[in-house]
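In: okay, here's the prediction I keep looking at, along with the sequence it came from:
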Amino acid sequence: RKLLPYPKMLHPSIPFHDNTILQSLSGSTAISTTTTHRFASSFTTDVNEDCHPLSEDDVLQIFTTTSSSQQQQQDMITVLHIIDQSINLFTEYDIPEPIHSTVHLLSAALDLPWDTGFLDLLHIYEQQQQQSSSLREQQQQQQTLLQNRQVTKEELQTIYIPMLYKRLKLQPIQYIIGKWDFYDFTIKIRKPMLCPRPETEELVSLVQTDIRLLFRNMEQQQQEEGKNKKKRLRILDVGCGTGAIGIAILKLFPKCVDLVAIDVCKEAVELSTENAHDILGGGFENSVVSKEENDEVVVVMGQGKNGVAHGYDDDRSTYRAILCSAADFTHESKNNRDNNTRNHHPLPPFEFDLVVSNPPYIPSNDMETLTKDVVDYEDVNALCGGGDGMDVIRDIVHRLPEWCSSYDVNGKEEETKSRDCICWMEVDTSHPKLMEEWLSSSSPSSSNTSDEMKRQEDVHMPSKVEFVEGQKDLSGLDRFVKLRIQNHP
């Protein structure tokens with residue numbers, strides 16, 4: 001799967017223009033080999049989400065009255081006609097990505113193959129646009145079976161028009177279809193979870209590189225200590241959402257990773273677990289789901305043949321999702337819950353080798369720059385990171401030393417591991433510089449520390465956390481940070 005270039009933008013909401021797609025595809029007859037990646041879309045529009053001047057009946061009438069007289073007599077409409085009219089309608093009402101919206105929604109409505117259907121429709125549209133008017137009739141005679149496929153008025157009215165109408169009200173395509181591609185798999189998506197972005201795929205690639213390095217270092221250490229049994233890495237995904245990041249890691253490193261995911265949204269815990277079960281397959285057939293008091297949900301998956309919750313004694317990796325914030329994911333909270341008379345499922349041991357997160361990071365003042373198809377549908381709490389966008393990021397940074405240390409059953413820190421741990425985060429473009437200054441400051445009064453940070457109750461440099469580097473995304477924007485948690489005694 002290849003990513004097409006996308007324009008530079010402050011926030012990577014949805015990065016592709018239809019003309020970018022057409023320019024990239026022009027001159028190519030093998031569209032399916034050029035790209036099989038799907039793109040999201042969100043650009044400024046004035047259409048009101050709650051009200052649209054057209055009704056679904058109006059939209060149906062537009063399709064039927066503009067079709068040929070023969071099609072009207074047969075009460076049938078061709079796929080080509082639907083493509084043309086949909087694009088015209090989306091364009092007239094300033095809907096973002098009219099071509100892109102059309103081919104994805106129509107592919108879903110016609111139940112075309114997920115990997116190729118939208119590309120086939122896009123190819124049909126592109127071929128049509130490249131033909132001169134004198135060749136149009138000849139070209140139509142040679143069009144594919146799909147292009148001339150007949151769609152009944154009933155199919156149009158009951159399946160496609162409702163989907164198109166939701167898009168006219170700016171609902172994201174991912175929510176309408178209910179799934180989207182991420183990395184090399186297809187993931188379920190439901191409101192209000194954030195729709196997968198290409199930048200987060202880049203984050204997985206950065207994490208993948210460091211996981212391989214951690215494995216090499218761990219194997220070398222085990223050889224030096226004379227240990228034969230391999231140990232899986234423990235990874236924490238903070239703010240799991242759909243579960244895309246954690247699932248991608250488990251697919252890349254099957255049987256090699258135990259992954260814990262946390263999120264403050266109950267729907268995210270449930271959806272990420274559902275996606276893990278569906279995508280990762282047989283390793284999770286003995287899953288256990290416990291729903292507890294106060295809407296707390298703890299999910300333990302991949303127990304393995306012997307019922308070992310964390311999978312250390314068998315060959316299966318684990319995916320465990322927990323309803324918890326970064327600030328509350330602490331051993332102090334664990335002890336309080338264990339001593340409680342209610343039968344809570346205990347938190348897992350920490351001892352994480354790597355932490356990854358795509359936290360809420362958009363500064364409050366920048367929220368008004370987001371478009372309606374983002375703010376009207378996606379969870380604001382998963383987007384906004386407070387005044388400077390770093391509220392949750394600070395919580396994560398301050399918890400890192402604890403998450404990456406060894407604790408005994410009583411919550412007391414044992415002798416720390418000799419190797420360092422890593423944290424990767426996707427952040428706002430302003431954050432890499434802020435975080436580097438913050439983590440390198442010798443005191444909270446440092447002139448390089450932001451005013452917002454100084455207002456925080458705990459702004460001192462977190463012990464043992466070091467800023468390693470910032471990385472740019474494919475747009476050339478500062479988008480990722482790498483931190484090191486020092487675990488030397």
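Out: Received it, and whenever you're ready, just let me know what you need. Numbers count the residues shown, from 1 in each chain.

In: what about the chain, any weak spots by pLDDT?
Out: Within the chain, the segments meeting pLDDT under 70 span 1-52, 66-75, 131-144, 228-229, 282-316, 332-348, 406-419, 442-463, 488-489.

In: for it, which helix is longest?
Out: helix 198-225 (DSSP state H).

In: give me the number of residues near R394?
Out: Burial of R394 is recorded as 23 neighbouring residues (other C-beta atoms under 10 Å). Heads up, the C-betas are built off the backbone N, CA and C, glycines and all.

In: how close does it get to G386?
Out: 9 Å (C-beta to C-beta, to the nearest Å).

In: continuing past the longest helix of the chain, what's the next helix or strand?
Out: Proceeding C-terminally, helix 198-225 gives way to strand 233-238 as the next helix or strand, assigned by DSSP states H and E.

In: got a list of contacts for that following strand?
Out: Taking contacts as C-beta atoms under 8 Å, 6 or more residues apart in numbering, the residues outside strand 233-238 that touch it are 211, 214-215, 218, 243, 245-246, 249, 253, 256-262, 326, 329, 350-357, 359, 392, 396, 403.

In: which ChimeraX command selects the buried ones in those residues?
Out: In ChimeraX, a selection of the buried entries from those looks like this (16 or more other C-beta atoms under 10 Å):
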select :211,214,215,218,243,245,246,249,253,257,258,259,260,261,262,326,329,350,351,352,353,354,355,356,357,359,392,396,403
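
In: which of the contacts of strand 233-238 fall in strands?
Out: Using DSSP state E, the subset of the contacts of strand 233-238 located in strands is 257-262, 354-357.

In: now for these: which two are most distant?
Out: D258 and S357 (17.3 Å; C-beta to C-beta).

In: how about the helices in the stretch 251-400 of the chain?
Out: Counting by DSSP state H, counting those that start in this stretch, one finds helices in the stretch 251-400 of the chain at the ranges 266-280, 331-338, 372-375, 391-403.

In: I396 and G385: what is the separation?
Out: Here the distance between I396 and G385 works out to 11 Å (C-beta to C-beta).

In: quickly list what's touching both of the two.
Out: P359.

In: still on that earlier bit, in a markdown table, list the helices of the stretch 251-400 of the chain along with distance to P198.
Out: As requested, these are arranged in a markdown table below (distance: least, C-beta to C-beta, whole Å):
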| stretch | distance to P198 |
| --- | --- |
| helix 266-280 | 18 |
| helix 331-338 | 35 |
| helix 372-375 | 15 |
| helix 391-403 | 21 |
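
In: tell me, how many residues neighbour V207?
Out: Using other C-beta under 10 Å, V207 is surrounded by 24 other residues.

In: and I99, what element?
Out: Assignment of secondary structure by DSSP H and E places I99 within helix 98-109.

In: by contact count, what packs against that helix?
Out: Taking 3 or more C-beta pairs under 8 Å, 6 or more residues apart in numbering; DSSP states H and E as contact, the helices and strands that helix 98-109 lies on are helix 18-25, helix 79-92, helix 117-130, helix 161-168, helix 173-177.

In: using PDB, write out every CA atom in the helix or strand following the last one.
Out: I take that to be helix 173-177. Note on helix 173-177: by DSSP H and E, the next helix or strand toward the C-terminus is strand 179-182. Once non-C-alpha atoms are left out, strand 179-182 reads as follows in PDB (Å, rounded to 0.1, in the frame of the first residue of the first chain):
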ATOM      1  CA  LYS A 179     -14.600   0.400   8.300                       C
ATOM      2  CA  TRP A 180     -11.300   1.700   6.800                       C
ATOM      3  CA  ASP A 181      -7.800   0.500   6.000                       C
ATOM      4  CA  PHE A 182      -4.900   0.900   8.400                       C
END
